[in-house]
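A.B. asks: Next one to model:
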Amino acid sequence: MARGLLLRRSPWAAGDRAAHVVAAQEAPLSRHRRREVRVRRPALARQSEDPASAGRDCRGQSRAQADQLFSGRLGMSDLPARFDRNIRLFGEEGQRKLRATNVAVIGVGGLGSPLVQHLALLGVGGITLVDDEELDETNRNRFVGAVNDDPVPGSPKVELAARLVRKIDPTIRVTPIRASLISEEVFATVKQADWIFGCFDEDGPRAILNELCAAYAKSYIDLASDVPEEGVYGGRICVAWQGGGCLHCLDALDRRDVEAYLSTDAEKAGRAAIYGVPVEVLRETGPSVSPINGVVSALAATEFMAAVTGMRQPQRLINYYGHVPKLTTAKPKPDCYYCKGIRGKPQDADAERFLRMPHLRERRRRETRRISEPVE
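C.D. replies: Prediction:
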C-alpha cells in the first residue's frame, strides 16, 4: 500500500481535503489520453426457440464450427487445451511468447500475490518470486494463495505463492527467493529476467528497482494501491518498456520518500528531531483490501499480456480511481535521464551502489523481524 499515492498525483490533490471526492467526480476526462481495445470475434446467435436451429449462428454454422473458425489453427495446436481461451484472444504465437518469457515479481504480498495468479493463468514460462517476509494474520484478508491452515508464523510468502503457481500449472518454472531487494541474489535475478514486476509499499525500493531496470534495459511494471482517506481509493501501474516511460519521468515517485528511505538511521533521527515526526508514524500502514489490489494487479497483467503477445503497445501509466470510478493515462517525458540517459548502460548507472549501503540491508532485517513478530 503506497500511502498518499492518490492525493499526491490526482487532479484534486490541491485544496480542501474534504472536497476531494466531489472534485474528482467533476474532473474532466479530456485532460487525459483515453484508448479502447476492442477484440472482434464471430457473432454467435442466441439460442433459438426452434430446437432444430439450436447451437447454430446466423449463417447456419454450428457453434463448434464457429469456434474452430475463430480459433484458427487451434485444432492442430500442440499447446495444451488449458490455453484454448487464451489462444482465441492473442493466438498461438502470443501464447508461445508468454511461455518463453521469464518474469520476476519483487514483493509478493497483497498486490504481488494476485498478480502471480494472473501470470500463472496466462501461462508464463518462468516466475521468480522475491520477498523476505512471512505471512501474518493481518495478511489473510488479501493474500491470494494462503489458506486458513497455513501457520503464522512459519509461512514464507514466497513459498505460499510458489505453491499457488504449482497448483495452477505444475509445468511453470517457479523459483522462490526469500530475500529483500537489496541483495546480490535479487540484483542478479533482475538482470536475468525478461520482465520485472515491483509490488512495494515504499517509493525507496521503487526508485532503486527503476534505476536497476533502466541500467540493464529491462522491462519493468510497477504496481501501487492507495486508500489515503475515507471514501478515496484506487491505485496505478507504471510500465517502463523499450526506453519509453519510467517512474521518474511519469512523476510516480515521491522524492521525500526516496530520500528518507536512502538515509541512514542517524540522518532519519536528525530529521525527526527537526520536524517532529515520530518514526512510528512513518511506519504506519493504511487500509488494504483484496478487490482494490485485484483491479490494480489485473491492469498490470493486462498491459504485460498486450506487450508480450504483440496485441498492442502497453500504456505507460494507468491511474485507477476506484471511488469515481475512472481510469486515466499519461505520456512519458521524451528527455528522461533514466529512459534515455542510462538505459542499457549499467557502467554509467552503477545501480550496484545500493548494495554498498549496509544501512539499507540492516534496516530491512530489523523491519522484517518486527513484522514477523506475532501480534499479541
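
A.B. asks: middle-most residue in this structure, spatially?
C.D. replies: Nearest residue to the geometric centre of the chain (Cα atoms, centre = their mean): Leu223, 3.8 Å.

A.B. asks: Direction included, what does the helix or strand where it lies pair against?
C.D. replies: Secondary structure from DSSP states H and E places Leu223 in strand 219-229. Next to strand 219-229 in the sheet, as set by DSSP bridges, lie strand 195-199 (parallel), strand 232-240 (antiparallel).

A.B. asks: Show the contacting residues for the spatially closest residue to Glu303 that is not a sequence neighbour.
C.D. replies: Setting aside the residues directly before and after it, Glu303 is nearest to Pro314 in space (Cβ to Cβ, 6 or more residues apart in numbering), at 3.9 Å. In this view, the C-beta of every residue, glycine as well, is placed from N, C-alpha and C. For Pro314, the contacting residues are 239, 241, 303-304, 306-307, by Cβ atoms under 8 Å, 6 or more residues apart in numbering.

A.B. asks: Show me those that map onto strands.
C.D. replies: Secondary structure assignment by DSSP state E places Val239 of the contacts of Pro314 in strands.

A.B. asks: Tell me which of the contacts of Pro314 fall in helices.
C.D. replies: 303-304, 306-307 (DSSP state H).

A.B. asks: Are any of these buried, and if so which?
C.D. replies: With burial judged by 16 or more other Cβ atoms under 10 Å, the buried subset of these is 303-304, 306-307.

A.B. asks: As JSON lines, those residues with distance to Ala351 would be great.
C.D. replies: Formatted as JSON lines, those follow (distance: Cβ to Cβ, whole Å):
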{"residue": "Glu303", "distance to Ala351": "24"}
{"residue": "Phe304", "distance to Ala351": "22"}
{"residue": "Ala306", "distance to Ala351": "28"}
{"residue": "Ala307", "distance to Ala351": "23"}
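
A.B. asks: closest to Phe197 among those residues?
C.D. replies: Phe304 (7.8 Å; Cβ to Cβ).

A.B. asks: from memory that closest one sits against Ile221, does it?
C.D. replies: Yes - here Phe304 reaches Ile221: they are 6.1 Å apart, a contact under Cβ atoms under 8 Å.

A.B. asks: any common contacting residues for these two?
C.D. replies: 195, 197.

A.B. asks: sorry, back to before: can you tell me which of the contacts of Pro314 has the lowest confidence score?
C.D. replies: Lowest-confidence member of the contacts of Pro314: Trp241, scoring 88 (pLDDT).

A.B. asks: pretty sure that one contacts Ser219?
C.D. replies: Yes - between Trp241 and Ser219 there is a contact under Cβ under 8 Å: 4.9 Å.
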